[in-house]
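Q: No sequence on hand, only this structure:
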């Protein structure tokens, strides 16, 4: 559908005003809201993620694509709720205690949403109790943690231990990421998954949760 | 280390104890000359792409090659003092933001073989609020809060600033406020009574872009380029105006005594550039060029411009060379395309590399032997032909064992004598990767 392709293209270009206006137009044309989400926003974000991974787009483009998608989502969300669109799963995300850097985490959350997950973003400086509480309250399938500093990355192990010793045990998967984090660090602290960038993170989340 | 963001050290004071050495070492310039090359000569020789007697070393020679102190449970500077048996140092003082130690004991600088020494201005300090957060009017109203180990920017007081009118009405600081109390005397002392390569470092060197991000949020800095480019330039120009005015006071006051001057900004993340090259050229490069031109007016012609930029900055190095950057720090080795062998191959002889010793993994989690081997490989890749100065990739953090810190600098001293053998076996970066340091405990998990 032409208008959905236009929405996807404008998301890729980060054209906030156009995405909002095209979304309204799509709704007037009685386009299925789930199609607007999947073939408009999510398709656009998927391309943005691929281009970011390929080194063709950078943070300014990623962030503005996210802003464009958000503008469109605000228009379409009420209709999605009405039509009971089932999302693929629920992810609780946050930057770990002691760390207030969040751009990477925000981008990952954006791509998680683009991949069809419901995302509860706890923000920054999040201690283990808050992760656990939010995961229980929202019946989360996964907890995703971010750290920017090598000194706060070390807190991830404590948080995972806390999760495994809580009533969540191993029912909730845990994914980690952030600038200093590596695969072997993630493995050594018992994380279920790791990805080096936001695009791969979305893909990894689907893989960990058995969705393709 | 980086990311997205750059913990660094702002607002320093003259290192205490410089005039009160008790170690019994001869460090006057005359004594050094008797022993051969002076520290200053060593750094200039390397920076001019020739081989000095040994690879120069920088510890606390700039505001991002020192050490932090993060009370209550990250007192790494105090632990280093204890490890080195320095029992009578002045109480450790830290910068207004990012916890850099501003009064590092001279005996420690000496012990770690530093050839460079920093001098910073004395601007008005941040104000501590009743709730323990800080506000720094001189740094454009920066808001600072302790999060985890560090005092960090937060609250983003300029986030609402989106129009020229907002810029005009914002409570900007007065750039003519005196920041030079005692600074000229100290700079003269360092220049005339010591043989250190003296580097001038002012926090205002972070205007425009570090300040733009610290005051508005990094995301706004990056997205303003896209969604309000005209405003972006208006705000960047306002910050630039402050940078130049403060720079005129600082570098204008001590220029003849300086061998180097630092500027800083972050152009890259761990994974790659923070922005496209086109955006860098449009929104960033002209400002850095202007700042360098302005500083140069105050320096002796042989003095060097040092840029600090964390992350993967390979894409911008030709531009940095073009606009007059002489030395690049930290050359963060584990960031994409920043391997020492690659940078030396592609840019050796055109820009001097300052840094390279990894503090993300090797310093905090390596064994002493691995730290030494890493230093050796790093030097072997960078140092042949000059053009390299050994340093940590940022201020040392609380996760570093003191024995590793000392081992790294001692190894650089021992392995740094020219001629340097060519590196055999694994590259420095592959060596670090092969150690699987992610599987080891960090040292700060056993805090005292």
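A: Structure's in. What do you need? Just so you know, these numbers come straight off a predicted model, no measurement behind them. Residues are numbered from 1 along each chain as shown, chains lettered A, B, ... in the order given.
Q: so residue A:25 makes contact with residue A:3?
A: Yes: contact criterion C-beta atoms under 8 Å: residue A:25 and residue A:3 qualify, at 6.4 Å. For glycine as for every other residue, the C-beta is placed from the backbone atoms N, C-alpha and C.
Q: dump the residue contacts of residue A:16.
A: The neighbourhood of residue A:16, defined by C-beta atoms under 8 Å, 6 or more residues apart in numbering or on different chains, consists of A:64, A:67, A:68, A:71, B:227.
Q: Repeat that for residue B:124.
A: For residue B:124, the contacting residues are B:137, B:138, B:177, by C-beta under 8 Å, 6+ apart.
Q: quick check, nearest of those residues to residue B:201?
A: Looking at those and their distance to residue B:201, the nearest is residue B:138, at 15.6 Å (C-beta to C-beta).
Q: Just the endpoints, please. Distance across stretch B:246-265?
A: Terminal residues of stretch B:246-265 are spaced 17 Å apart (C-alpha to C-alpha, to the nearest Å).
Q: And residue B:171, which helix or strand is it part of?
A: Element membership of residue B:171, judged by DSSP states H and E, is empty: it is in no helix or strand.
Q: what separates it from residue B:140, distance-wise?
A: Counting by C-beta to C-beta, to the nearest Å, the separation of residue B:171 from residue B:140 is 8 Å.
Q: same thing with residue B:252?
A: For residue B:252, the distance to residue B:140 equals 21 Å [C-beta to C-beta].
Q: Compare those two (neighbour count), which wins?
A: Neighbours were tallied for residue B:252 and for residue B:140 using other C-beta atoms under 10 Å in any protein chain shown; the higher tally belongs to residue B:140 (21 against 14).
Q: Quick check: the more buried one touching residue B:158?
A: Yes: between residue B:140 and residue B:158 there is a contact at 7.4 Å, judged by C-beta under 8 Å.
Q: before we move on, back to that, quick one: which of the contacts of residue B:124 is most hemmed in?
A: Highest neighbour count within these: residue B:138, with 23 neighbours (other C-beta under 10 Å).
Q: Residue of chain B nearest chain A, please.
A: Scanning chain B for proximity to chain A using C-beta to the nearest C-beta identifies residue B:148 as nearest, at 2.4 Å.
Q: surely that residue meets residue A:125?
A: Yes: counting by C-beta under 8 Å, a contact exists between residue B:148 and residue A:125, whose distance comes to 7.4 Å.
Q: What are the buried residues along the helix or strand residue A:71 falls within?
A: Under the criterion of DSSP H and E, residue A:71 resides in helix A:59-82. Of the residues in helix A:59-82, those buried by neighbour count under the rule 16 or more other C-beta atoms under 10 Å in any protein chain shown are A:59-73, A:75-76.
Q: Of those residues, which ones also sit close to chain B?
A: Applying C-beta under 8 Å from any C-beta of the partner chain, the subset of these adjacent to chain B comprises A:59, A:60, A:61, A:63, A:64, A:67.
Q: With respect to residue B:44, which of these is nearest?
A: residue A:59 (37.6 Å).
Q: Quick one: residues contacting the nearest residue to that closest one once chain neighbours are set aside.
A: In this structure, residue A:59 finds its nearest non-sequential neighbour in residue B:222, 5.2 Å apart by C-beta to C-beta, 6 or more residues apart in numbering or on different chains. If a contact means C-beta under 8 Å, 6+ apart, then residue B:222 has A:59, A:60, A:63, A:103, B:274, B:275 as its contacts.
Q: So residue B:222, which state does it fall into?
A: Judged by DSSP: H, G, I helix; E, B strand; the rest coil, the three-state class of residue B:222 is helix.
Q: about what we covered before: give the intersection of the neighbour lists for residue B:140 and residue B:158.
A: B:170, B:215.
Q: and the stretch 301-448 of chain B, which residues reach chain A?
A: For the stretch 301-448 of chain B, the residues found near chain A under the criterion C-beta under 8 Å from any C-beta are B:359-361, B:364, B:397-399, B:436-440, B:442, B:444-445.
Q: ranking those residues by neighbours, who comes first?
A: Counting by other C-beta under 10 Å, residue B:360 has the largest number of neighbours within these, with 28 neighbours.
Q: could you list every residue that touches it?
A: A:150, A:180, B:1, B:334, B:393.
Q: Tell me where the chain has strands.
A: Defaulting to chain A. Secondary structure of chain A (DSSP state E): strands at A:90-95, A:118-121, A:142-146, A:173-177, A:193-194.
Q: looking at chain B here, not the other one
A: B:116-119, B:127-128, B:134-136, B:142-147, B:150-153, B:197-200, B:260-264, B:304-308, B:327-329, B:352-357, B:388-392.
Q: Just want the residue of chain A that's nearest chain B.
A: Checked against chain B (C-beta to the nearest C-beta), the nearest residue in chain A is residue A:98, 2.4 Å away.
Q: burial measure for residue 130, as a count.
A: If you meant another chain, say so; for now it's chain A. 16.
Q: Actually, chain B is the one I wanted.
A: Counted with other C-beta under 10 Å, residues neighbouring residue B:130 total 5.
Q: same deal with residue A:169?
A: 9.
Q: how close does it get to residue A:136?
A: For residue A:169, the distance to residue A:136 under the criterion C-beta to C-beta works out to 12 Å.
Q: Overlap of the contact sets of those two?
A: Looking at what touches both residue A:169 and residue A:136 (by C-beta under 8 Å, 6+ apart), there is no common residue.
Q: does residue A:176 really touch residue A:186, like I thought?
A: Yes: Residue A:176 is within contact range of residue A:186, at 5.0 Å (criterion: C-beta under 8 Å).
Q: Quick check on those two: which one has the bigger neighbour count.
A: The residue with more neighbours, out of residue A:176 and residue A:186 and counting by other C-beta under 10 Å, is residue A:176; that gives 28 against 22.
Q: which non-adjacent residue is nearest that one?
A: The shortest distance from residue A:176 to any residue other than its chain neighbours is 4.5 Å, reached at residue A:191 (C-beta to C-beta, 6+ apart).
Q: One more: residue B:109?
A: The spatially closest residue to residue B:109, leaving aside those adjacent along the chain, is residue B:60, at 5.2 Å (C-beta to C-beta, 6+ apart).
Q: ok, now residue B:254?
A: residue B:187 (3.8 Å).
Q: Let me know the distance separating that neighbour from residue B:39.
A: Taking C-beta to C-beta as the measure, residue B:187 and residue B:39 are separated by 16 Å.
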